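Q: everything below, folded, please.
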Amino acid sequence: MLSLRKAATSSLTALLNSIPCQLVRLASTAASAPNISIQDLEVSRQFLALPRTPLPPLSTLVEPAPKTKRTVTNETIRAQRNALFTQEKIRQIESVTRVEKIEVLHRGQPEDVTLIMNKNFSTPLHCAQHISEVLVKRSALAMVDGKPWDMNRPLERDCVLELQHFIQEDPNEANLAFWRTGSLILSYVVDRAFRDDYLVQVHSWPYQDIQSGSFICDVDLDMPEWNPKEDELRALTIIISQLRSRKLPIERLEISADLAMKMFEHNKFKKLQIPVIAEKSPTKDRVVVYRVDDHVEISSGPMIANTGMIGRHQITAVYPIDCHGIGRLYRFQGLAIPEQQPLNYFAWNILVSRARQFNGSPVPINETE
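A: Here you go, the predicted structure:
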């Protein structure tokens, strides 16, 4: 009988807990993501302009009959949000007229050390750069005074800093950030995968347990019926592969509710959610958004440091879900493991099979959830 190495807080263990141990054995060496062929890349290029249903095989896609031209497209919406994010980030930086110093006590490998950093400018990543290149490469998340903190989020006061990675004794917080980032990446993929005939509106990322087997994102695709083929799922996965290879930082920004409403003025779900989210903030009027590449989404976070920390990955399924008070949404499901965690193909395929099953996380029941 093959044995499964136990590690209660490991994301791999959480995923594998409900799988018979006889079927699983972790590899002792890292395995790279599956090779992507020229044919797959061609499928991706075709997929980025999906026609209206019924969907023919991707290899035979042709341009559909023209519809009424949209004045607002997914691309223009994305560009507007990205521009607003950039403008607000610059405004916040320029609003700091006096640079103050703070003491940051780093605890952990390779040594405990006190750093003098710049308040509201320096981030945990900057601290890691002062200590060790190893910390820069492997740190996915920070703990600031015991609370989870994004690696790219500026420090606001004197603090104790601990840097988290995926193969430490207790990687629970890093794993949760990784899973959350998976949903952000799914929304990134969906936002740019379809023709402008279809207005993409992300509804939400329902809370999901790592043991559910997949991270998810619920989306309105403005189409009545879609049952993606394996080639189409592979084409979606390629978008993640390209993003991963760029090793882009994942940026956090806290903005006013008014700016959030302007940023998401073309998303009917977000316009209802933003007041509720803002009301729960300490000042009753703030919303946290994240940006990866030019894609901006709402989330309380935190996220991992950059897209290069994503290891083997796959978009495994898309399910239509009918939601009371909302209508038809599509639940996108994906699976990934951190780059730092090796896994052999046999075990990976078991996880993929499980991730293809419908994720039973709560389905939205009204537009304010």
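Q: the strands in the stretch 151-300 of the chain, which residues?
A: Secondary structure of the stretch 151-300 of the chain by DSSP state E, counting those that start in this stretch: the strands cover 159-164, 201-204, 215-220, 250-256, 286-292, 295-298.
Q: I'd like to know which of these is closest to Gly311.
A: Closest approach to Gly311 among the strands of the stretch 151-300 of the chain (Cβ to Cβ): strand 215-220, 14.0 Å. To be clear about C-beta, it is placed using only N, CA and C from the backbone, and glycine gets the same treatment.
Q: quick one: low-confidence residue ranges for the stretch 101-250 of the chain.
A: Within the stretch 101-250 of the chain, the stretches with pLDDT under 70 are 208.
Q: all helices for it, in order.
A: Using DSSP state H, counting those that start in this stretch, the helices found in the stretch 101-250 of the chain span residues 124-131, 133-138, 172-193, 230-246.
Q: and the second one, what other elements does it pack with?
A: With contacts defined as 3 or more Cβ pairs under 8 Å, 6 or more residues apart in numbering; DSSP states H and E, the packing partners of helix 133-138 are helix 124-131.
Q: just the helices of the stretch 101-250 of the chain: most buried one?
A: For those, the largest average neighbour count (mean count of other Cβ atoms under 10 Å) is found in helix 172-193, namely a mean of 23.
Q: quick one: that helix to helix 230-246, angle?
A: Interaxial angle, helix 172-193 versus helix 230-246 (axes from the mean of the first three to the mean of the last three Cα atoms, to 10 degrees): 120 degrees.
Q: quick one: closest of the strands of the stretch 151-300 of the chain to Arg331.
A: Nearest to Arg331, of all the strands of the stretch 151-300 of the chain, is strand 215-220, at 5.4 Å by Cβ to Cβ.
Q: Val200 reaches Phe194, doesn't it?
A: Yes - shown here, Val200 and Phe194 form a contact pair, counting by Cβ atoms under 8 Å, at 6.0 Å.
Q: need the overlap of contacts for those two.
A: Taking Cβ atoms under 8 Å, 6 or more residues apart in numbering as the criterion, Val200 and Phe194 both touch 74, 221.
Q: wait, what's in contact with Arg78?
A: Neighbouring residues of Arg78 by Cβ under 8 Å, 6+ apart: 191-192, 294-296.
Q: tell me which of the residues you listed is nearest to Val72?
A: For the contacts of Arg78, the nearest to Val72 is Asp191 (13.8 Å; Cβ to Cβ).
Q: isn't Asn152 up against Leu253?
A: No - when contacts are counted by Cβ under 8 Å, Asn152 is not listed as touching Leu253 (10.1 Å).
Q: and Ile321, what helix or strand is that in?
A: Ile321 is part of strand 310-323 when elements are defined by DSSP states H and E.
Q: partners of that strand, with directions?
A: Using DSSP bridges, strand 310-323 pairs in its sheet with strand 327-338 (antiparallel).
Q: centre of the chain to the partner strand, how far?
A: Relative to the centre of its chain, strand 327-338 is centred 11 Å away, using Cα atoms, centre = their mean, to the nearest Å.
Q: past it, which element shows up next along the chain?
A: For strand 327-338, the succeeding helix or strand toward the C-terminus, using DSSP H and E, is helix 345-355.
Q: Val363 contacts His203, doesn't it?
A: No - in this structure, Val363 is not within contact of His203 by Cβ under 8 Å, at 10.2 Å.
Q: got any residues that touch both of the two?
A: Counting by Cβ under 8 Å, 6+ apart, the residues touching both Val363 and His203 are Asp218.
Q: looking at the two, which is more packed in?
A: Neighbour count, other Cβ atoms under 10 Å: between Val363 and His203, His203 has more, with 24 against 15.
Q: contact partners for that one?
A: Counting by Cβ under 8 Å, 6+ apart, His203 touches 218-220, 269, 326, 329, 364.
Q: ok, it to Ile321 distance?
A: Distance of His203 to Ile321, given as Cβ to Cβ, to the nearest Å: 10 Å.
Q: between those two, what contacts are shared?
A: Common neighbours of His203 and Ile321 (Cβ under 8 Å, 6+ apart) are 218, 329.
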